[in-house]
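Q: Build me a model:
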Amino acid sequence: MFQSVSLFVGLRYSRSSKGNAFVSFISFFSIAGIALGLMSLITVNSVMNGFEQSLKNAMLDLIPHIQLSAKEHNQPATKLDALTSLPGIKRVSPYVTSDVILQTNKELVGVRLQGSFDGYPTAISPHIESGSVKSLHDDRYQLALSRFLANKLDVRLGSKVRVIFPDITSYTPLGRVPKQRLFTVAAIYNSRSEADTSLAFADGNSLMKMLKKKPGEYDVSLTLDDAFSVSDFNADHQALLSQFTYQDWQVQQGALFAAVAMEKRVMSLLLALIVIVAVFNIVSALSMMVSEKQGEVAILQTLGFTPSKIAQVFMIQGLYNGVVGTLIGSILGLLLAANINEVLNLIGLSLLGGMALPVKFDTVGLSFIIFTSLLLSFLATLYPAKKAAKVMPAEVLRYE
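A: Alright, predicted model coming up:
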């Protein structure tokens with residue numbers, strides 16, 4: 001089978017066990033460095049992607065991705081059917097909310113109370129641990145608390161919780177006091193997200209009555225198939241959405257996800273330095289190899305090798321280190337990321353509460369990491385290859 005002479009010689013140099021031991025040592029560590037750097041990058045990137053996905057699924061699913069409010073007497077309640085038929089919509093429901101204080105004999109907690117309406121899908125349905133969504137609507141003044149809030153308030157199903165509305169006041173003989181009422185705990189959910197610390201749900205009609213709202217006088221909550229596509233959704237349906245006052249989830253939680261994205265970029269940049277250092281080892285090893293092999297390069301030139309073919313020989317040798325390191329690092333990174341929780345258990349490390357690290361493989365991101373590693377390895381070969389191509393056979397062989 002036909003094989004390029006430059007490829008044959010370059011691979012022969014790469015696999016040769018003879019020669020300068022120090023050069024071989026540096027070549028080995030360039031391969032090991034690239035493999036270690038890629039393994040770390042792929043593992044950390046996959047775990048951070050999984051963490052971001054977990055946050056999105058758990059936290060953002062409990063709050064409106066887009067909230068539509070009345071604008072110039074245009075009530076969004078009249079557009080529920082039209083909004084439900086839009087592409088990319090996962091859930092449409094009436095939305096009523098208020099900042100309240102939950103009080104028991106043990107504790108006082110400030111939360112955001114969100115209404116859940118009978119006949120409409122509710123965000124907590126997949127997370128219910130005790131009770132049911134149906135029981136939330138079977139009677140008036142029913143409450144659904146997170147497991148975190150239930151433990152903090154020391155309540156269980158059937159317990160009474162006093163709900164205080166600081167923004168709604170009424171006159172009494174003692175003056176103006178916040179409106180308040182006892183609600184019954186009808187369901188307990190657990191989304192395992194930060195939202196559990198500050199979000200509770202109540203029967204929507206009861207909440208509207210407490211807030212002195214008329215029937216149909218509510219906002220509309222839109223939950224998208226992909227929360228991160230909210231900007232595209234707004235742009236595609238600007239004509240309909242402009243009829244109302246609207247805001248998206250980025251107003252409430254945008255800073256958190258921006259911080260997660262920034263942390264992922266910084267971690268990736270720091271780990272990428274391992275690959276960059278390993279790439280510089282390729283430059284060092286190849287440069288020393290060129291100096292060591294000057295006699296052989298000169299002989300190859302006398303046999304008809306052009307400067308470009310000489311350059312190709314050393315480029316292939318350097319790329320060999322890069323490709324081998326990238327291949328090993330990619331395989332080890334994928335294996336480690338896929339089994340990260342088993343590895344942590346094996347070495348005796350476990351997360352608080354026995355939680356498992358979420359992992360998500362991003363094909364585009366992984367492909368970019370691998371491609372960048374190969375590109376850096378290629379760029380590292382250019383200077384030594386150019387140096388080898390400039391070897392003058394007459395001067396090198398003059399005293400041979």
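
Q: What segments of the stretch 151-300 of the chain are strands?
A: Remark: strands assigned in the stretch 151-300 of the chain by DSSP state E, counting those that start in this stretch are 160-172, 175-189, 199-203, 219-224, 245-248.

Q: low pLDDT regions in the stretch 51-200 of the chain?
A: 72-79, 174-175 (pLDDT under 70).

Q: nope, the stretch 201-350 of the chain is what I was after
A: Scanning the stretch 201-350 of the chain with the threshold set as pLDDT under 70 gives 294, 301, 350.

Q: got the residue ranges for the helices in the chain?
A: 5-15, 21-55, 80-84, 133-138, 147-153, 204-210, 230-236, 238-241, 250-292, 294-302, 307-338, 340-346, 363-389, 393-396 (DSSP state H).

Q: now the residue lying closest to L143 once chain neighbours are set aside: how far from D203?
A: Spatially, and ignoring its direct neighbours in sequence, L143 is nearest to F183 (4.1 Å; C-beta to C-beta, 6 or more residues apart in numbering). C-beta: built from backbone N, CA, C; applies to glycine. Distance from F183 to D203, counting by C-beta to C-beta, to the nearest Å: 9 Å.

Q: Give me the common contacts of these two.
A: Counting by C-beta atoms under 8 Å, 6 or more residues apart in numbering, the common neighbours of F183 and D203 are Y141, Q142.

Q: Output the strands of the stretch 151-300 of the chain in JSON lines, with distance to F314 appended to each entry.
A: Formatted as JSON lines, these follow (distance: least, C-beta to C-beta, whole Å):
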{"stretch": "strand 160-172", "distance to F314": "74"}
{"stretch": "strand 175-189", "distance to F314": "63"}
{"stretch": "strand 199-203", "distance to F314": "62"}
{"stretch": "strand 219-224", "distance to F314": "53"}
{"stretch": "strand 245-248", "distance to F314": "54"}
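
Q: right, and these - which one's nearest Q142?
A: In terms of C-beta to C-beta, the element of these nearest to Q142 is strand 175-189, at 4.0 Å.

Q: what's next to that closest one, contact-wise?
A: If you take C-beta under 8 Å, 6+ apart as the criterion, strand 175-189 is touched by 124, 127-133, 135-136, 138-139, 141-147, 150, 155-170, 201-202, 206, 210.

Q: and what of stretch 150-161?
A: Under the contact criterion C-beta under 8 Å, 6+ apart, stretch 150-161 has outside partners 102-107, 109, 130-131, 143, 145, 182-188.

Q: distance between the ends of it?
A: The stretch stretch 150-161 measures 10 Å between its terminal residues, going by C-alpha to C-alpha, to the nearest Å.

Q: list the buried ones in that stretch?
A: The neighbour-count criterion (16 or more other C-beta atoms under 10 Å) identifies A150, K152, L153, V155, V161 as the buried residues of stretch 150-161.

Q: For it, what is the distance to the chain centroid?
A: 34 Å (C-alpha atoms, centre = their mean, to the nearest Å).

Q: Count the neighbours of S27 for me.
A: The tally of other residues near S27 (other C-beta atoms under 10 Å) stands at 24.

Q: That one: what's it in contact with?
A: By C-beta under 8 Å, 6+ apart, the contact list for S27 reads N281, I282, A285, N321.

Q: The first one contacts F29, doesn't it?
A: Yes. Counting by C-beta atoms under 8 Å, N281 sits close enough to F29 to count as a contact (5.8 Å).

Q: between these two, which one's more packed in?
A: The neighbour count for N281 versus F29, taken as other C-beta under 10 Å, is higher for N281 (22 against 18).
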